[in-house]
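In: dropping the sequence and predicted coords here.
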Amino acid sequence: MNTQFEYYYNNVPGKGLCRNNLIYTSLISKDRKTFCQWYYNDENYHSGHNEVVDPRLMEEKWHREIKFLTIMARHYPQHVPTIDTVDHINKKIYFDIDGTDFWEQAQCSQNNYDKVLPNWQEQMLEIIQAHASLGIYKYSMHPSSYFVVDGKLKSINYFFAYDKNDKTISLTDVMSHISINRRNDLLPKMTRLGIDVDKPTSFFDIQMLAFESFKTDFPADAMDEACSIYKHTTTI
């Protein structure tokens, strides 16, 4: 594993370099072969826009990432990157990758997804089908949550995932996980779907809301198909 790492940002047109993630600190090796999720609230990286400042919450996010990555690696290893190392002391997960994330390779525009990976939509829906079959509800779906390795789409960011054994949450509980722009998009959709931001909401309903919201990042038909997968898959 390459030991030379630097902060990792997405170069968003019209905005410039933006944090790759709101929760952890993103690091990448200089040879672009290893990505690191560092579950630490690094003030230099987040530049005063720190979201998760409570160490206990960061600890929870770390454990969720480990839990659901382990489940996926056991049942659907083809859908997650190979984990090179897990540093439990420093709360770092190192993944083997092959260049920058899917969104960055597409120049942060869904107009270029097909240029990066022609069958990306089919592969993403296969990942969503895997989540549904395992009873996993995953809400961190931003295109930067995927890498392409050897022509295969790989999913990360399971810190914002739940299963039937978890206590139901309200959207207020997890607002720190959601960007300001997406919050503004979510609120009218929540009203339309009859979801009260302050009341516990079923994981299924939040998943449907997530798919609806991510129509800003993915084609609407892909998100409609994702909804259908959850509606017709018997989870465990």
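Out: Yep, it's here.
In: and residue 180, what pLDDT?
Out: If you check residue 180, the pLDDT there is 66.
In: what about the helices in this protein?
Out: Taking DSSP state H as the test, the helices found in the chain are 43-46, 55-75, 102-105, 113-116, 120-134, 180-193, 203-213, 220-232.
In: so who does residue 14 touch?
Out: Contact analysis of residue 14 by CB atoms under 8 Å, 6 or more residues apart in numbering lists nothing. Every residue, glycine included, has its C-beta placed from N, CA and C.
In: 10 Å - rerun?
Out: Going by CB atoms under 10 Å, 6 or more residues apart in numbering, residue 14 touches residue 108.
In: show the backbone phi and psi for it.
Out: Per-residue torsions, residue 14: phi 80, psi -10 (degrees, to the nearest 10).
In: helices or strands next to the helix or strand of the chain with the lowest mean pLDDT in the packing?
Out: In the chain, no helix or strand scores lower on mean pLDDT, DSSP states H and E than helix 180-193, which sits at a mean of 73. If contacts are counted by 3 or more CB pairs under 10 Å, 6 or more residues apart in numbering; DSSP states H and E, helix 180-193 sits against helix 203-213.
In: mean confidence score for the helix it packs on?
Out: For helix 203-213, mean pLDDT is 92.
In: for the chain, which spans come out with low pLDDT?
Out: Applying pLDDT under 70 to the chain picks out residues 1-3, 50-53, 175-180, 182-183, 234-236.
In: rewinding a little: pick the most deeply packed of the helices of the chain.
Out: Mean neighbour counts were compared across the helices of the chain using mean count of other CB atoms under 10 Å; the top stretch is helix 102-105, at a mean of 21.
In: quick check: angle from the least confident helix or strand of the chain to helix 203-213?
Out: 120 degrees (axes from the mean of the first three to the mean of the last three CA atoms, to 10 degrees).
In: can I get helix 180-193 as CSV, trimmed to CA atoms?
Out: The C-alpha coordinates for helix 180-193 follow below in CSV (Å, rounded to 0.1, in the frame of the first residue of the first chain):
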residue,chain,number,x,y,z
ILE,A,180,-27.5,22.0,2.8
ASN,A,181,-28.5,21.8,-0.9
ARG,A,182,-30.0,18.4,-0.4
ARG,A,183,-31.8,19.5,2.8
ASN,A,184,-33.4,22.2,0.7
ASP,A,185,-34.4,19.7,-1.9
LEU,A,186,-35.7,17.2,0.7
LEU,A,187,-38.1,19.4,2.6
PRO,A,188,-40.8,19.9,-0.1
LYS,A,189,-40.5,16.2,-1.0
MET,A,190,-41.0,15.3,2.6
THR,A,191,-44.2,17.4,2.8
ARG,A,192,-45.5,15.8,-0.4
LEU,A,193,-44.8,12.3,1.0
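In: which outside residues touch that helix?
Out: 22, 49, 51, 142, 171, 175, 178-179, 195-197, 201, 205-206, 208-210, 212-217.
In: repeat for stretch 216-230
Out: 103, 110, 113, 120-122, 124-133, 137, 141-144, 181-182, 185, 203-204, 207-208, 210-215.
In: so how far is the least confident helix or strand of the chain off the chain centroid?
Out: How far helix 180-193 lies from its chain's middle: 18 Å, per CA atoms, centre = their mean, to the nearest Å.
In: reformat the helices of the chain as TSV; add distance to residue 28.
Out: As requested, those are exported to TSV (distance: least, CB to CB, whole Å):
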stretch	distance to residue 28
helix 43-46	12
helix 55-75	17
helix 102-105	10
helix 113-116	17
helix 120-134	21
helix 180-193	24
helix 203-213	26
helix 220-232	27
